[in-house]
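# Build me a structure from this.
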Amino acid sequence: MAQRTKSKDRELLRLRRHRRVRRKVQGTAERPRLVVHRSLKNMQAEIADDAAGKVLLGVSTLDPALKDLRAADGTTKTALSKAAGKLLAERAKEKGIARVVFDRGGFLYHGRVAAFAEGAREGGLDF
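Residues are numbered from 1 along each chain as shown. Predicted coordinates for the structure are as follows:
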């Protein structure tokens, strides 16, 4: 049997946490689910209506609107995540979405995930 690596084990544990959270967190048309995913270099998030099975909008730290911030020297991944959260909140308001349910995707509510949520709250999303 092939031996698993520590990174594989960590990912399996994260997916297990995510499934456990997903049993309780459901997105509806009135209050869609804001789900985040953090990789080593970037962060992405989507607002999803689980009842309809549709993704309403999404944003990433690789978004063209954040190009200037990405190019600036000294910009941290945490600051970029916070800016992406604000951008997501602006786009959500344009679509008429004000309230969401936050799904951290099995990641700890710490660091870039917390910064993204804080930016989304500053942008006007309620969760």
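
# Helix, strand or coil: sort out the residue sitting nearest the centre point of the chain for me.
In the chain, the residue lying closest to the centroid (CA atoms, centre = their mean) is residue 36, at 2.1 Å. Recorded secondary structure, residue 36: strand (DSSP: H, G, I helix; E, B strand; the rest coil).

# so what's the closest residue to residue 65 other than its chain neighbours up against?
Among residues not flanking residue 65 along the chain, residue 87 sits closest, at 5.8 Å (CB to CB, 6 or more residues apart in numbering). To be clear about C-beta, it is placed using only N, CA and C from the backbone, and glycine gets the same treatment. Counting by CB atoms under 8 Å, 6 or more residues apart in numbering, residue 87 touches 59, 63, 65-66, 123.

# do residue 14 as well
When contacts are counted by CB under 8 Å, 6+ apart, residue 14 touches 105-107.

# Doesn't it belong to a helix?
Yes: membership of residue 14 in a helix is supported by three-state DSSP.

# still on that earlier bit, what's the ChimeraX line that selects buried ones from the contacts of residue 14?
Only the buried members of the contacts of residue 14 enter the following ChimeraX selection, criterion being 16 or more other CB atoms under 10 Å:
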select :105,106,107
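
# Which one of the contacts of residue 14 is nearest to residue 19?
For the contacts of residue 14, the residue nearest residue 19 by CB to CB is residue 106; the value is 7.9 Å.

# For the closest one, which non-adjacent residue is spatially closest?
Among residues not flanking residue 106 along the chain, residue 18 sits closest, at 3.3 Å (CB to CB, 6+ apart).
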